[in-house]
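> pasting a predicted model and its sequence here:
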Protein chains: 6
Amino acid sequence: MTMQELRERGLALRRRIFGEATVQARMDAAGGFGAPLQAMVNAWGYGEVWSRPGLALGTRSLAALAMTAAINRPGEFRVHMRGALANGCTPEEIREVLLMVALYAGIPAANEAHKMAHEILVEQGKAF
Amino acid sequence: MTMQELRERGLALRRRIFGEATVQARMDAAGGFGAPLQAMVNAWGYGEVWSRPGLALGTRSLAALAMTAAINRPGEFRVHMRGALANGCTPEEIREVLLMVALYAGIPAANEAHKMAHEILVEQGKAF
Amino acid sequence: MTMQELRERGLALRRRIFGEATVQARMDAAGGFGAPLQAMVNAWGYGEVWSRPGLALGTRSLAALAMTAAINRPGEFRVHMRGALANGCTPEEIREVLLMVALYAGIPAANEAHKMAHEILVEQGKAF
Amino acid sequence: MTMQELRERGLALRRRIFGEATVQARMDAAGGFGAPLQAMVNAWGYGEVWSRPGLALGTRSLAALAMTAAINRPGEFRVHMRGALANGCTPEEIREVLLMVALYAGIPAANEAHKMAHEILVEQGKAF
Amino acid sequence: MTMQELRERGLALRRRIFGEATVQARMDAAGGFGAPLQAMVNAWGYGEVWSRPGLALGTRSLAALAMTAAINRPGEFRVHMRGALANGCTPEEIREVLLMVALYAGIPAANEAHKMAHEILVEQGKAF
Amino acid sequence: MTMQELRERGLALRRRIFGEATVQARMDAAGGFGAPLQAMVNAWGYGEVWSRPGLALGTRSLAALAMTAAINRPGEFRVHMRGALANGCTPEEIREVLLMVALYAGIPAANEAHKMAHEILVEQGKAF
């Protein structure tokens, strides 16, 4: 496989999960300066890792939520919260993972993640 | 002791430290989605750990400030800054802990914490 | 439910996942000094969070592996590696999660986690 | 050398890199509460470490960018982004360091850093 | 005050807390390569921050334990565990802080800290 | 360029920096389980990022040391310490970066890094 094909495969999966407009906005967010990183995200992030068989997309989303909550990356957490819902995770499953964040990374990490998750559920009319 | 009693004990202590309106706002911040986490915060955080004898509430506040500054949780730091003042810590004692943050977690962590602490001192008419 | 019942429920689940000898060794590792923390681990960790319905034990294990790899807790990672296998996760599924660690928390975190996971697979005759 | 001389040497270097107005704003940001920390930043940060011979100021800036991106300190990253440009680093060199952040601290850290760096390049008419 | 005086004041305090042999071993641990860092530790760490009035040495030790447990620095945690006991903290007070680590930085951090603390209590004949 | 070519380019660079035996040992450390991660390290890490023009290999090593010290990855730090020396960094330049670690990530991180660096300098007969 060529690198060009890998990047294209990744970009296609990324668009399928997050939607074309969102992906375009993120790809443009750091202009030409950000182009090499975006090429890597498409190739390695989505073309290679996320495209591997052997783990459902929803489970991948739950792992991404757990990690971005635990290591304090709110911008990325919000992206993967929308991705988790698009990949079929229910709000209840997401909540179970966020309660585990409290155990492993502490209550402040879990609390922040709950607030961000709830905001996105409100946006999408799925809050309760 | 039942879980219900533990949660009630915790909520009562939490309200005593932070004030009823603040606690209510935090409990509502993630809606029904956040209810299980809030129940854990009340029971485990305040009903169990913060309610233990053997360490003054003010010393607990200083430890919470040190940790939330060091691990980069600004939302939680602000909460515990207000709690520290309510628990009788002086601005000078708080500052001593934040200067130690510079040694153990680096100057950027200490700097951010100083700015947040100062904002809250300004709010409460205690800045200097 | 009383706290005593919660702790017992948690301890029973913990023993079922990790085996009685392992749990006992961990409960004894910090002597009487560690008893209050172990009581919290049993009650909150296993009695409350891990006992909740709504997420399979194997998926909980994958989330615990992702987080402990990302936040650099090798002792805990090894515990949950054994737990993941006991909860029915395949080595291949675990590997998929650890490849995601490279994306979200960096290659050094993923590399360290791969080495620990492989050691435990060797121990259990499941390496390849 | 006296402490007073060390602080003055540091403040002079700090002003030379970041500009007098920026330094003043940062020194005032936490009022009298922040004065001891600012004295330490001047003395230890700039008077001692940054003033040492043996490493070019531009290389020091690249190391500061790598670390503040990796450990998630956006306020400090922005300061050192401006400092890196003042110290003669090109946008292309900065980008190379930020691509390395993806490898060592994960894509979310690199992504956030790229966005902040691009914003400052836009401000200074150096974006591409 | 001159830098030389500050370093001497710090070294004297450091020896008083940790004992002369321990301090010498730590000062020699990285040879001539480590001399500038050790000079900074003496001057800045102990001569400046730890020497400030306004917070008891024992409370400083508790803050250092909370932070080094939370940010995962076991070598430093062990040093400050011995320092805390030398500064008059009781094992019970130390334990209270370590239980707070579970809330703010997660159970794995607290668990690791408990084990290290217990080992040092055993060494000193203070375990229970 | 194909993925296969990229992996080969990366592996060649990796061997040139760290030596064939070291690279082989690291590639074998997690057996077949680790093969996909190693392929990514070769392709993405060394074939793509480290192979980019625009930043000297020695400067890349300094950035890798700064980050792995700051985020607490001792295994990886040791690897890049050897790489830094192979890429022509002097012990004095490396030390300057490690003193900056104290400012940005705290003294414990810098202290640990100094000890590891010194051990490797001793091994290579370059200690002083």
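Thanks, I have it.
> and chain A, which residues reach chain C?
A:44-45, A:49, A:52, A:54-55, A:59-60, A:62-64, A:66-68, A:70-71, A:73, A:76, A:92-93, A:95-97, A:99-105 (CB under 8 Å from any CB of the partner chain). Every residue, glycine included, has its C-beta placed from N, CA and C.
> those, buried ones only, as a ChimeraX selection?
Typed into ChimeraX, the line below selects the buried ones among those, using 16 or more other CB atoms under 10 Å in any protein chain shown:
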select /A:44,45,49,55,59,60,62,63,64,66,67,68,70,71,73,76,93,95,96,97,99,100,101,102,103,104,105
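> inside helices: which ones of the residues of chain A next to chain C?
Judged by DSSP state H, the subset of these located in helices is A:59-60, A:62-64, A:66-68, A:70, A:76, A:92-93, A:95-97, A:99-105.
> restrict the residues of chain A next to chain C to those near chain B?
Among the residues of chain A next to chain C, the residues within reach of chain B (CB under 8 Å from any CB) are A:95, A:99, A:102.
> name the element the nearest residue to the last one once chain neighbours are set aside belongs to?
If I follow you right, that is A:A102. Among residues not flanking A:A102 along the chain, A:A110 sits closest, at 3.6 Å (CB to CB, 6 or more residues apart in numbering or on different chains). Element membership for A:A110 (DSSP states H and E) is helix A:107-123.
> so how far is that helix off the chain centroid?
Relative to its chain's centre, helix A:107-123 lies at 14 Å (CA atoms, centre = their mean, to the nearest Å).
> name the helices or strands packed onto it?
helix A:57-70, helix A:74-86, helix A:91-105, helix B:35-40, helix B:74-86, helix E:91-105 (3 or more CB pairs under 8 Å, 6 or more residues apart in numbering or on different chains; DSSP states H and E).
> JSON lines please, covering the ones you listed and showing mean pLDDT.
JSON lines is the format used below for the helices and strands packed on helix A:107-123 (pLDDT from 0 to 100):
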{"stretch": "helix A:57-70", "mean pLDDT": "98"}
{"stretch": "helix A:74-86", "mean pLDDT": "97"}
{"stretch": "helix A:91-105", "mean pLDDT": "98"}
{"stretch": "helix B:35-40", "mean pLDDT": "98"}
{"stretch": "helix B:74-86", "mean pLDDT": "97"}
{"stretch": "helix E:91-105", "mean pLDDT": "98"}
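> now those helices in a markdown table, with distance to F:F128?
Output for the helices and strands packed on helix A:107-123, formatted as a markdown table (distance: least, CB to CB, whole Å):
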| stretch | distance to F:F128 |
| --- | --- |
| helix A:57-70 | 41 |
| helix A:74-86 | 43 |
| helix A:91-105 | 41 |
| helix B:35-40 | 53 |
| helix B:74-86 | 42 |
| helix E:91-105 | 38 |
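> the ones you listed: which one's closest to A:R16?
helix A:74-86 (8.4 Å; CB to CB).
> from B:E76, how far off is the spatially most central residue of chain A?
Nearest residue to the geometric centre of chain A (CA atoms, centre = their mean): A:H80, 2.3 Å. Between A:H80 and B:E76 the computed distance is 22 Å (CB to CB, to the nearest Å).
> rewinding a little: if we ignore the residues flanking it in sequence, what's nearest the residue nearest to the centre of chain A?
Going by CB to CB, 6+ apart, A:H80 has A:A64 as its nearest residue, at 4.3 Å.
> and the ones next to chain B among the residues of chain A next to chain C, which is closest to B:A21?
A:A102 (24.2 Å).
> which residues touch that closest one?
A:109-111, B:37, B:40, C:49, E:106 (CB atoms under 8 Å, 6 or more residues apart in numbering or on different chains).
> quick one, the helix holding A:A110 and helix A:91-105 angle?
Orientation check (axes from the mean of the first three to the mean of the last three CA atoms, to 10 degrees): helix A:107-123 against helix A:91-105 gives 160 degrees.
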